[in-house]
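Undergrad: build the 3D model from these lines:
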Amino acid sequence: MTELSQPRPDPAVAPHDLSDIVLANDVRGRADDQLTVEVARALGAAFADSLESPELIVAHDMRRSSPALSQAVIEGAVRRGAIVADAGLASTDQLYCASGLHRAAAVMITASHNPPQDNGLKLCLPGARRISRDTGLGEIGRAAEAYLDAGEIPVRGEGRAEEIDTLDDYARTLLELAPVPEGRPLRVVVDAGSGMAGHTAPAVLGRLPQIEMVGLHLALDGDFPHHPADPLRPENLRDLQEAVLRERADLGLAFDGDADRCVVLDETGTAVTPSALTALIARREIASARAAGETRPVVVANLVTSRHVAETIREAGGEHVRTPVGHSLIKETMAARGAVFGGEHSAHYYFRDFFHADSGMLAALHVLAALAETDAPSSALVAAHSPYAASGEINTRVEDAARARERVRERLGGLPGARIDDLDGLTVEHWDEERPAEERWWFTLRSSNTEPLLRLNVEAEQDATMERIRDEVLALVREDAVGLTTADRTEPDPMEHEDRARHEDGARHEQEAADEQGPADEQGADPLAVTAPAVDGGIAAPVGPPSGASGADVPGWVRAILRCPDCGGELRDTDRAMRCEVCRRVHPVEGGIPVLIAGRHEAPPSS
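TA: Numbering: from 1, shown residues only. The predicted structure follows:
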């Protein structure tokens, strides 16, 4: 990247501030409000100024605001002399492929799985090298602010725009990297969630005569009329689960909005954990690299992935490298170590041969290829990669995360045979093959960078052990808990892998919405919805709702996973009802049971 020259601001214009939308790894905000066409035009100009070569590819997703924002980015870049290839509709990994094949910088207009009103920009240098705030994005944001302050973007050079078709090259590249053997016919249901997989899945899977693809929600629709395009939320997988069973399919695939993430369901409709897929793909990539002459291929995985991932990598003859959680961290480590593959617990999978970029479709092809090589059902294929009992990620809001973590360190880290690791929070491992199976366990307890949250993941040899350690750690953590957030999910916050700072932006949006409704105590929020200190050998006892709250008589673990049927948001107690913290819809409680009905705005009057 070249050093940016700053245009002179107009002193009569109030200075612009893009810090709320120029985040750690991309640009994201509310379309037509924070991210306007004027802002997009300025960002396109500033990005073009930063490039050593004028070639630039621009693509966009199916959101209502995306075409206009894409055109604005192109206009700004052309004014600064860029030669822009307009790729039109594309998935994010399709654009990465184009950036790698053409050795050109690129901009993707998308907000991934975010709500319809949001949009954003993902920027990368030639070869699909993502730009972060530390590697130029912050400077690009400041240059865009200067263009906005000046009120104009001067013309430089002879820029132009032309159209380019990238879909054929994308499909061909993926199928060359993960060829699916012929012979075994496979029936696959694909839920595009109204997102960009509706554009890419038919183009890729349609080239395979042995694959019968059953499409679900393939029509592109930026309003996401069927369900949010976030496959990490279990409630968003229900349509796919039903279709897999109804169609007697061998596999189900669910993609997020920009189709760079993929969640896999086996033939029973059960979601396969990203850790299991990481292990399965790692074995295949290691075998391929070793066949090409590499003695000990490196595979990178973050510290939350299953213990089985590291075991599989070593057994396959590879080297396992463990990283903190974070999109940029895993990519940096892969590049530094020349890793063949990288996997995250957030369903992102990175491939060295795919320009070190992530691709949900390429991951899906690996699973299909592995399945085609066997006569077994998909459940049997992945069962071998899910040998341990896991808690999933459990989040707890605390007054003092460091103090709570120290309580856990003192109690469990001091046990005989326990080993402590402070990479990205606290990891305690109590796993020795010479110990009885019931004594083998480990956990991570990480702090959120943006909220007073602790994130717990527990894994053990046996279910009972996992539950015992999980409950003991939660009891220690929740001694000073101030309320529980999204908990007992099987996978993590889908935003965290990309940009922890982005979570702060989302929290700010939610707070702004809450401010419009009035103080939290007037909304019926339940600040006492915590779990009491441990009783009966470390199992936490639930605390009932306070007087005047919903009166929902459900177990704590059920309450923790209840979600709004309209938006998937968290539910809080209010008077004889539960209110969604995101969309503010109210659902009644009758006979102690929450009645969750899509579209309801107010609880009916009590009889």
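Undergrad: in what helix or strand does the nearest residue to residue 118 once chain neighbours are set aside lie?
TA: Setting aside the residues directly before and after it, residue 118 is nearest to residue 111 in space (Cβ to Cβ, 6 or more residues apart in numbering), at 4.1 Å. Where you see a C-beta, it was placed from the backbone N, CA and C, and this is true even at glycine. Per DSSP states H and E: residue 111 is located in neither a helix nor a strand.
Undergrad: can you verify my assumption that residue 111 contacts residue 121?
TA: No. With contacts counted by Cβ atoms under 8 Å, residue 111 stays clear of residue 121, the gap being 9.4 Å.
Undergrad: overlap of the contact sets of these two?
TA: With contacts taken as Cβ atoms under 8 Å, 6 or more residues apart in numbering, residue 111 and residue 121 have residue 28 as neighbours in common.
Undergrad: run a quick neighbour tally on residue 423.
TA: When neighbours are defined as other Cβ atoms under 10 Å, residue 423 has 13 of them.
Undergrad: a helix runs through it, doesn't it?
TA: No. According to DSSP: H, G, I helix; E, B strand; the rest coil, residue 423 belongs to no helix; its state is coil.
Undergrad: do you know how far it is from residue 460?
TA: Computed as Cβ to Cβ, to the nearest Å, the residue 423 to residue 460 distance reads 20 Å.
Undergrad: ok, now residue 157?
TA: On the measure of Cβ to Cβ, residue 157 and residue 460 end up 62 Å apart.
Undergrad: same deal with residue 310?
TA: Distance, residue 310 to residue 460, by Cβ to Cβ: 16 Å.
Undergrad: isn't residue 573 up against residue 586?
TA: No. Using Cβ under 8 Å, residue 573 is not in contact with residue 586, being 11.2 Å away.
Undergrad: need the residues touching each of these two.
TA: What both residue 573 and residue 586 touch, as defined by Cβ under 8 Å, 6+ apart, is the set residue 579.
Undergrad: which one's more surrounded, these two?
TA: Higher neighbour count among residue 573 and residue 586: residue 573, with 23 against 19, using other Cβ under 10 Å.
Undergrad: point me to the helix or strand that includes that one.
TA: Under the criterion of DSSP H and E, residue 573 resides in strand 571-574.
Undergrad: state the mean pLDDT of that strand.
TA: Averaging pLDDT along strand 571-574 gives 76.
Undergrad: cool, and stretch 353-365?
TA: 96.
Undergrad: start and end of it, how far apart?
TA: Stretch 353-365 has an end-to-end distance of 14 Å (criterion: Cα to Cα, to the nearest Å).
Undergrad: do stretch 193-207 as well
TA: In stretch 193-207, first residue to last residue: 22 Å (Cα to Cα).
Undergrad: next secondary structure element downstream of the helix or strand encompassing residue 252?
TA: Element membership of residue 252, judged by DSSP H and E, is strand 251-255. Proceeding N to C from strand 251-255, the next assigned helix or strand is strand 262-265, under DSSP H and E.
Undergrad: show me what counts as buried in the helix or strand following that following strand.
TA: Remark: after strand 262-265, the chain's next helix or strand is helix 274-291, criterion DSSP H and E. Buried residues in helix 274-291, defined by neighbour count with 16 or more other Cβ atoms under 10 Å: 274-286, 288-290.
Undergrad: try stretch 406-425
TA: Applying 16+ other Cβ under 10 Å to stretch 406-425 flags 408, 409, 412, 413, 424, 425 as buried.
Undergrad: quick one: the host helix or strand of the second one to chain centroid distance?
TA: For residue 409, the element it lies in under DSSP H and E is helix 401-412. From the chain centre to the centre of helix 401-412 is a distance of 28 Å (Cα atoms, centre = their mean, to the nearest Å).
Undergrad: could I get the average pLDDT for it?
TA: Mean pLDDT, computed over helix 401-412, is 92.
Undergrad: repeat that for stretch 203-218.
TA: Averaging pLDDT along stretch 203-218 gives 98.
Undergrad: same check, this time on stretch 53-69
TA: Mean per-residue pLDDT for stretch 53-69: 97.
Undergrad: quick one: end-to-end distance for that stretch.
TA: Taking Cα to Cα as the criterion, the two ends of stretch 53-69 lie 23 Å apart.
Undergrad: ok, now how distant is residue 152 from residue 68?
TA: Distance from residue 152 to residue 68, by Cβ to Cβ: 20 Å.
Undergrad: quick one, which of the two is more surrounded?
TA: Neighbours per residue, other Cβ under 10 Å: of residue 152 and residue 68, the larger number sits with residue 68, 17 against 10.
Undergrad: before we move on, back to that, what pairs with the strand holding residue 252, and is each one parallel or antiparallel?
TA: strand 186-191 (parallel), strand 262-265 (antiparallel) (DSSP bridges).
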